[in-house]
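Asker: Here you go, sequence then predicted model.
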Amino acid sequence: MPKRILIVDDSPVIRKTLHQTLERQDDWEICGEAANGREGIEKALRLKPDVIVLDLAMPVMNGLDAARELTRRLPSLPLLMFTNFETARLKQEALSAGVRTLVSKSESVGVLINGLRALLGRVS
């Protein structure tokens, strides 16, 4: 059974690119997309993904607030923050909010895929 991924990012271009890239993995499927943290929480509760790829800077509800709420409501759900903003302070805040892995959008797609594989329990 494929692992189900929810993509939460306010950029339609990033969502589309992630969708196409991640679905190339034989054992993964994109179960949904959301444009902000609040919508991401609603979809996570409804769709029951195996992992969420979460942006930091989004309208309505940012990624840190969404991570806190997701961790409270779905504590075993792994969260990967995929962001342009990577500082030591942000990393600490993200980990405190329940994010398990932080990947910069400037990294190669292989770093993102390896981060997701590690969260899903299989490193390639």
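Answerer: Perfect, thanks for sending it. Predicted model only: the values in this text are computed from it and were never measured.
Asker: Pull the contacting residues for the residue nearest in space to the middle of the chain.
Answerer: With distances taken as CA atoms, centre = their mean, Val53 lies nearest the centre of the chain, 1.2 Å away. Remark: with contacts taken as CB atoms under 8 Å, 6 or more residues apart in numbering, Val53 is in contact with Ile5, Leu6, Ile7, Val8, Asp9, Leu18, Leu22, Leu80, Phe82, Leu112, Leu116. Bear in mind the C-beta positions are built from the backbone N, C-alpha and C, glycine included.
Asker: for the last one, what are its contacts?
Answerer: Contact partners of Leu116, counting by CB under 8 Å, 6+ apart, are Ile5, Leu22, Trp28, Val51, Val53, Leu80.
Asker: what's the closest non-adjacent residue to Ile113?
Answerer: Sequence neighbours aside, Gln25 is the residue nearest to Ile113 in space, at 6.9 Å (criterion: CB to CB, 6 or more residues apart in numbering).
Asker: Within the helices and strands, which one has the one you found?
Answerer: Following DSSP states H and E, there is no helix or strand that holds Gln25.
Asker: Go ahead and confirm it touches Asn114.
Answerer: No: counting by CB atoms under 8 Å, no contact exists between Gln25 and Asn114, whose distance comes to 11.3 Å.
Asker: who touches both of those two?
Answerer: Applying CB under 8 Å, 6+ apart, one finds that no residue jointly contacts Gln25 and Asn114.
Asker: three-state assignment of Val99?
Answerer: Here Val99 is recorded as coil under DSSP: H, G, I helix; E, B strand; the rest coil.
Asker: just to revisit the earlier point, compute the number of surrounding residues for the residue nearest to Ile113.
Answerer: Applying other CB atoms under 10 Å, we find 16 residues neighbouring Gln25.
Asker: any chance you could map the helices in the chain?
Answerer: 12-22, 37-47, 63-73, 88-97, 109-119 (DSSP state H).
Asker: For Val103, which of these is the nearest?
Answerer: With CB to CB as the measure, helix 109-119 is the member of the helices of the chain nearest Val103 (5.0 Å).
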